[in-house]
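Participant: please work out how this folds:
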Amino acid sequence: MRPRFVPTVLLAGCLAACGGDAAARPTPTTPPPSSAAAPATGGDARVDLAGRAAQALDHRFAALYTLDSPGAEPRSVVATVAVDGSWRVDIPGGALGGTADVSVVENTDGVFQCALASATNPVTPGCVRVAEPGKRIPRDYDPKVHRIFRQWLTVFTDQQAPLSVAVSAPLPGAQGSCYSIDSISASLKAPVDVGIYCYADSGLLTAARVSFGTFTLVSTAAAPASVTLPGPVTGGVPMPMTSPEPLPEEVLPSGSPSAPAG
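Facilitator: Down below sits the predicted model:
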């Protein structure tokens with residue numbers, strides 16, 4: 001099965017749409033094979049993860065990932081963190097039960113859920129403000145995919161967070177160090193998705209395996225100065241994560257003639 005978008009075209013398109021000058025930026029590069037991955041060395045894994053997460057919070061990038069989710073075709077997710085700190089994550093199949101493509105964007109005005117046009121859903125792109133800057137999206141409208149690139153990093157830097165961290169064998173395609181994350185108690189809900197997270201020395205996420213799928217880095221490019229919304233801000237309602245309710249079947253009014261018997 002092939003990802004839903006062509007990787008190089010998608011990353012170049014996002015650089016242009018997110019506010020960067022794609023022509024002035026380097027050609028996206030493909031990471032080395034998984035044999036280049038190396039486990040974390042020395043020290044406590046919890047401390048080491050906190051250091052990687054701090055690097056990740058400061059790292060600016062544009063990157064293309066393949067997301068393999070159970071029961072679905074692979075998807076091409078683009079994550080961008082701009083020089084000014086604004087960020088955007090484009091998520092194919094991120095809403096309406098996987099039938100609508102969305103982008104989650106944060107800038108100084110807030111956090112936005114944006115509808116993206118696709119071949120199967122040719123909508124007019126538009127954005128709805130769903131949270132204050134730095135705040136979480138309400139659960140009904142939250143695709144979660146964007147959290148792995150921003151919001152969960154602050155949890156990883158907090159060594160008081162109720163997490164158990166151990167060095168892990170690298171995931172296929174990973175670079176840098178990989179960490180197995182779990183809750184410290186079966187009675188406590190983990191503040192992040194438990195799983196395996198892999199980071200390069202720069203702080204770039206290179207692979208992850210979490211509840212909603214496995215991320216693998218495909219290519220990277222330089223970060224744009226700022227990201228832009230893919231459409232105008234509207235006063236509408238954001239798209240829910242669940243599939244829309246089917247329309248009720250038309251019911252003939254009482255007294256309508258019935259079809260002739262065969």
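
Participant: going by C-alpha atoms from here, please, whenever you check contacts or count neighbours.
Facilitator: Fine.

Participant: give me the low-pLDDT residue ranges for the chain?
Facilitator: Scanning the chain with the threshold set as pLDDT under 70 gives 1-43, 186-187, 245-262.

Participant: and the helices in it?
Facilitator: Ranges of helices in the chain, per DSSP state H, are 7-17, 45-58, 151-157.

Participant: how far is the longest one from where the chain is centred?
Facilitator: Offset of helix 45-58 from its chain centre (C-alpha atoms, centre = their mean, to the nearest Å): 19 Å.

Participant: just the strands in the protein please.
Facilitator: 61-68, 75-81, 87-95, 100-107, 110-116, 126-131, 163-168, 177-183, 195-199, 205-210, 213-221 (DSSP state E).

Participant: what helices or strands is the third one leaning on?
Facilitator: The helices and strands touching strand 87-95, judged by 3 or more C-alpha pairs under 8 Å, 6 or more residues apart in numbering; DSSP states H and E, are strand 75-81, strand 100-107.

Participant: touching it from outside, list them.
Facilitator: Strand 87-95 has contacts (C-alpha atoms under 8 Å, 6 or more residues apart in numbering) with 4, 18, 75-81, 98-107, 141, 143, 145-146, 226-227, 239-243.

Participant: change it to 7 Å
Facilitator: 75, 77-81, 99-107, 143, 146, 227, 239-242 (C-alpha atoms under 7 Å, 6 or more residues apart in numbering).

Participant: tell me the angle that strand makes with strand 110-116.
Facilitator: Between strand 87-95 and strand 110-116, the angle comes out at 50 degrees (axes from the mean of the first three to the mean of the last three C-alpha atoms, to 10 degrees).

Participant: output strand 87-95 as CSV, nothing but the C-alphas.
Facilitator: Below are the C-alpha coordinates for strand 87-95, written out as CSV (Å, rounded to 0.1, in the frame of the first residue of the first chain):
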residue,chain,number,x,y,z
TRP,A,87,3.8,25.2,14.1
ARG,A,88,1.6,23.2,11.8
VAL,A,89,0.9,19.5,11.4
ASP,A,90,-1.0,18.3,8.3
ILE,A,91,-2.9,15.1,9.0
PRO,A,92,-4.6,13.1,6.1
GLY,A,93,-7.7,11.4,7.4
GLY,A,94,-7.5,13.3,10.7
ALA,A,95,-11.2,14.0,11.1
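
Participant: residue 218: how many residues sit nearby?
Facilitator: Residues lying near residue 218 (other C-alpha atoms under 10 Å) number 22.

Participant: nope, residue 60 is what I was after
Facilitator: 24.

Participant: now swap in residue 203 and tell me
Facilitator: Residue 203: 21 surrounding residues under other C-alpha under 10 Å.

Participant: before we move on, what about residue 95?
Facilitator: So residue 95, with other C-alpha under 10 Å, has 25 neighbours.

Participant: so how far is residue 141 from it?
Facilitator: 8 Å (C-alpha to C-alpha, to the nearest Å).

Participant: overlap in contacts, these two.
Facilitator: With C-alpha under 7 Å, 6+ apart, residue 95 and residue 141 have common neighbours 239-241.

Participant: surely residue 220 meets residue 77?
Facilitator: No: with contacts counted by C-alpha atoms under 7 Å, residue 220 stays clear of residue 77, the gap being 12.0 Å.

Participant: compare those two (neighbour count), which wins?
Facilitator: Shown here are residue 220 and residue 77; by other C-alpha under 10 Å, residue 77 has more neighbours (28 against 24).
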